[in-house]
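Colleague: got a structure for you, letters missing:
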Ligand SMILES: [Zn+2]
């Protein structure tokens, strides 16, 4: 059945980057609601839209991708994710800005442009050092928050046409930044072409995104959700940027979001200096891991199903022993995990989140109530399941008071386990 279905679908689905129609299933997570559509109490009895959450891999370029079910405007219009709510993320941003100013000698006559600049949490560090900045942010409410802190921000969607308009108005940039935005881009080719438009002849771009190799190695299937259209290896990213006249000359590995990479690009025609050894090493490592062969991608779906069984086994065992479990966090990845595994209030009494935008609401599809973190102190659960497992160290430190009554922390990924 499965094979027949893929053959029918393959005839109409093409790759977002290269246009090839040849693909295989990477992970089929069934039907799922949009992860940011948190519900108000009055919406709990209404129907909710669910969409297929089926990631596939292109046989030609190995881009892992989802079909686009939602217009980006629906995702970003009033986006509930304000970057500034995580301390570790803010520190990451501060260090990045400092390193870039030093490495590329940015000063008062430079221009730094960030695409999807959110509430200005990153650009503020350039601005405070006297480097002129421009944020391009699609969500109007988030852009307002940026302007309130003095970060010049335009409300628009980045692409080639928008970039041409920006260049006319503000000039070209010395540094173009795109952190955790590449996955959200429906028209990948238009987006990358627009980055080239924004850059001065000697300009540089840097982008950070979760590394597909880490997703596979560490079972991070919950990072797949409708708002993430594409999932990149370094080699596939290299192909995409090369197609638009951009050479990736350096790459760094970062611990953020479960394992990300930061790529550095410049105009291919300006690329006289050799690429760093890290580029060679990354290519070799991905090749050895098998990322240039479809077999490794095809195996992932079975790994995801096994992971679901392990997570449910683990939670069922705790419930059989009469333990109470609360969640920590209501991130996008948590909603994929909860919906795919079928975890509702039968397992988690509630979850808590620091974002006031989520408190008082319910998780989409699974209807788990979301409270402020103080709730944990009152209800004293036996276990706290950390849904944003990529922030586990920070969360364990913030919530360490739960150990007073013997509460233990659990992470679901890569395997469900109790933290020491
Ligand atoms: Zn492709």
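Modeller: Thanks, I have it. This one's a predicted model, so the numbers in the text were calculated from it and none came from an experiment. Residues are numbered from 1 along each chain as shown.
Colleague: Relative to residue 328, how far out is residue 103?
Modeller: Look at residue 103 and residue 328: by Cβ to Cβ, to the nearest Å, they are 36 Å apart. For every residue, glycine as well, the C-beta is placed using N, CA and C.
Colleague: scratch that, residue 416
Modeller: 15 Å.
Colleague: neighbour-wise, which of the two wins?
Modeller: Neighbour count, other Cβ atoms under 10 Å: between residue 416 and residue 328, residue 328 has more, with 28 against 18.
Colleague: Could I get the phi/psi values of the closest residue to residue 56 other than its chain neighbours?
Modeller: Closest residue to residue 56 apart from its sequence neighbours, by Cβ to Cβ, 6 or more residues apart in numbering: residue 23 at 4.5 Å. Dihedral angles of residue 23 (phi, psi; degrees, to the nearest 10) stand at phi -150, psi 170.
Colleague: What's opposite residue 23 in the beta bridge?
Modeller: The partner list for residue 23 in beta bridges (DSSP bridges) reads residue 58.
Colleague: quick one: buried residues of the helix or strand where residue 52 lies?
Modeller: In this structure, residue 52 sits in strand 51-58 according to DSSP states H and E. Neighbour counts over strand 51-58 (16 or more other Cβ atoms under 10 Å) mark 53-58 as buried.
Colleague: show me the contacts for the residue in the stretch 301-420 of the chain positioned nearest to the ion.
Modeller: At 18.8 Å from the ion, residue 301 is the closest residue in the stretch 301-420 of the chain, using Cβ to the ion. Neighbour list for residue 301: 25-28 [criterion: Cβ atoms under 8 Å, 6 or more residues apart in numbering].
Colleague: what separates it from residue 98, distance-wise?
Modeller: Look at residue 301 and residue 98: by Cβ to Cβ, they are 42 Å apart.
Colleague: Same check on residue 53?
Modeller: 38 Å.
Colleague: before we move on, what about residue 365?
Modeller: For residue 365, the distance to residue 98 equals 41 Å [Cβ to Cβ].
Colleague: How about residue 217?
Modeller: Relative to residue 98, and taking Cβ to Cβ, residue 217 is found at 30 Å.
Colleague: Assumed residue 282 was part of a strand.
Modeller: No: assigned with DSSP: H, G, I helix; E, B strand; the rest coil, residue 282 falls outside any strand and is helix.
Colleague: residues contacting the residue in the stretch 151-300 of the chain that the ion sits nearest to?
Modeller: With Cβ to the ion, the shortest gap between the stretch 151-300 of the chain and the ion falls at residue 236, namely 8.1 Å. By Cβ under 8 Å, 6+ apart, the contact set of residue 236 is 17, 61-63, 212, 291.
Colleague: which of residue 365 and residue 98 has more neighbours?
Modeller: Set residue 365 next to residue 98 and count neighbours by other Cβ under 10 Å: residue 365 wins out with 23 against 13.
Colleague: Am I right that the more buried one falls within a strand?
Modeller: No: read with three-state DSSP, residue 365 is coil and lies in no strand.
Colleague: Quick check: it touching residue 33?
Modeller: Yes: Residue 365 is within contact range of residue 33, at 4.3 Å (criterion: Cβ atoms under 8 Å).
Colleague: shared neighbours of those two, anything?
Modeller: The contact sets of residue 365 and residue 33 overlap at 48, 50, 335, 339 (Cβ under 8 Å, 6+ apart).
Colleague: shouldn't the last one be in contact with residue 34?
Modeller: No: judged on Cβ under 8 Å, residue 339 makes no contact with residue 34 at a distance of 10.6 Å.
Colleague: overlap in contacts of these two?
Modeller: Joint contacts of residue 339 and residue 34 (Cβ under 8 Å, 6+ apart) are residue 364.
Colleague: one step back: next, format the buried residues of strand 51-58 as CSV and append pLDDT.
Modeller: Compiled in CSV, those are given as follows (pLDDT from 0 to 100):
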residue, pLDDT
53, 95
54, 96
55, 97
56, 97
57, 98
58, 98
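Colleague: Go through those residues and name the one nearest residue 321.
Modeller: For the buried residues of strand 51-58, the closest approach to residue 321 (Cβ to Cβ) belongs to residue 53, at 31.8 Å.
Colleague: Distance-wise, check the closest one relative to the ion.
Modeller: Residue 53 is 20 Å from the ion, where distance means Cβ to the ion, to the nearest Å.
Colleague: which parts of the protein sit against the ion?
Modeller: 15, 17-18, 20, 58, 60-61, 63 (Cβ under 5 Å from the ion).
Colleague: Could you list the low-confidence segments of the stretch 1-150 of the chain?
Modeller: Scanning the stretch 1-150 of the chain with the threshold set as pLDDT under 70 gives 1-12, 70-86.
Colleague: redo that, cut-off 50
Modeller: 1-11, 80 (pLDDT under 50).
Colleague: which stretches of it form strands?
Modeller: 23-32, 51-58, 64-65, 112-115, 133-136 (DSSP state E, counting those that start in this stretch).
Colleague: Check the offset of the last one from the chain's centre.
Modeller: Distance, stretch centre to chain centre, for strand 133-136: 21 Å (Cα atoms, centre = their mean, to the nearest Å).
Colleague: And the contacts of that strand?
Modeller: Contacts for strand 133-136 (Cβ under 8 Å, 6+ apart): 111-118, 120, 123, 126-127, 143, 146, 151-154, 156, 158, 162, 166, 170, 173.
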